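A.B. asks: Using only what follows, build the 3D model:
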Amino acid sequence: MPVKRQRRPTHFELIPMIDVMMILTLFLALMAFMPQSPHAMETELPSAKSGTDVPMNMTVELSKEGIIKVNGKSVTVGQLGPTLAPELKKTPELTIILAADRRVPYEQVMLILDTLKQNGVARISLAVGAGGEEPKPLP
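C.D. replies: Just a heads-up that it's a prediction; the model follows:
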C-alpha cells in the first residue's frame with residue numbers, strides 16, 4: 001500500500017517581493033531624472049524663432065562656470081585645437097555645434113569662436129533651445 005505524503009501548505013513570502021518592488025521603483029525613479037546624455041552639462045540655451053536642425057558632428061559645450069567640454073570631455077581653451085585636429089583631418093567639412101549657456105559672458109563665446117576659426121573649423125553652428133519666446137533679462 002502506497003504511503004500518502006502529506007504536502008506542506010504553500011507559503012507565499014511577501015516581504016522579499018516588497019523589497020524587489022521597492023528597488024525596482026527606486027531604480028526607475030532615478031533613471032527618470034538622469035540627464036539625456038551621459039556627458040551632458042547643465043546648460044540653459046538661448047531660444048530662437050528661426051532655428052534649423054543641423055546634423056551633429058561634434059559638440060563644444062560652454063557652461064556658465066566656464067567649463068569647456070568637447071563631446072563630453074573637459075578641455076581648456078588651449079587644448080581645444082589639438083582635441084579637434086584629428087577629427088578635422090578625417091572630416092574637413094566638420095560642423096561644430098557650440099552650445100553655450102545663455103549666462104556665459106559674450107567675450108567667452110567669442111574667445112571659443114575665434115579659437116575654433118584659428119584651428120581651421122569652417123562650419124560652426126550655435127545651439128539654441130526651441131520656443132522663440134521673448135528673451136528675459138539676465139539677473
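A.B. asks: Which stretches in the chain count as helices?
C.D. replies: 14-32, 77-90, 106-118 (DSSP state H).
A.B. asks: what's next to the last one, contact-wise?
C.D. replies: This means helix 106-118. Contacts to helix 106-118, defined as CB atoms under 8 Å, 6 or more residues apart in numbering, come from residues 60, 62, 66, 68, 77, 80-81, 84, 96, 98, 100, 124. C-beta coordinates here come from the backbone N, C-alpha and C atoms, glycine included.
A.B. asks: try 6 Å this time
C.D. replies: Residues outside helix 106-118 that contact it (CB atoms under 6 Å, 6 or more residues apart in numbering): 77, 80, 96, 100, 124.
A.B. asks: Look up how far Pro92 lies from the nearest residue to Leu84 once chain neighbours are set aside.
C.D. replies: Of all residues not flanking Leu84 in the chain, Asn119 sits nearest, at 6.0 Å (CB to CB, 6 or more residues apart in numbering). Between Asn119 and Pro92 the computed distance is 12 Å (CB to CB, to the nearest Å).
A.B. asks: out of those two, which sits in the busier spot?
C.D. replies: Neighbour count, other CB atoms under 10 Å: between Asn119 and Pro92, Asn119 has more, with 15 against 11.
A.B. asks: one step back: isn't the residue nearest to Leu84 up against Gly81?
C.D. replies: Yes: taking contacts as CB atoms under 6 Å, Asn119 lies within contact range of Gly81: 3.7 Å.
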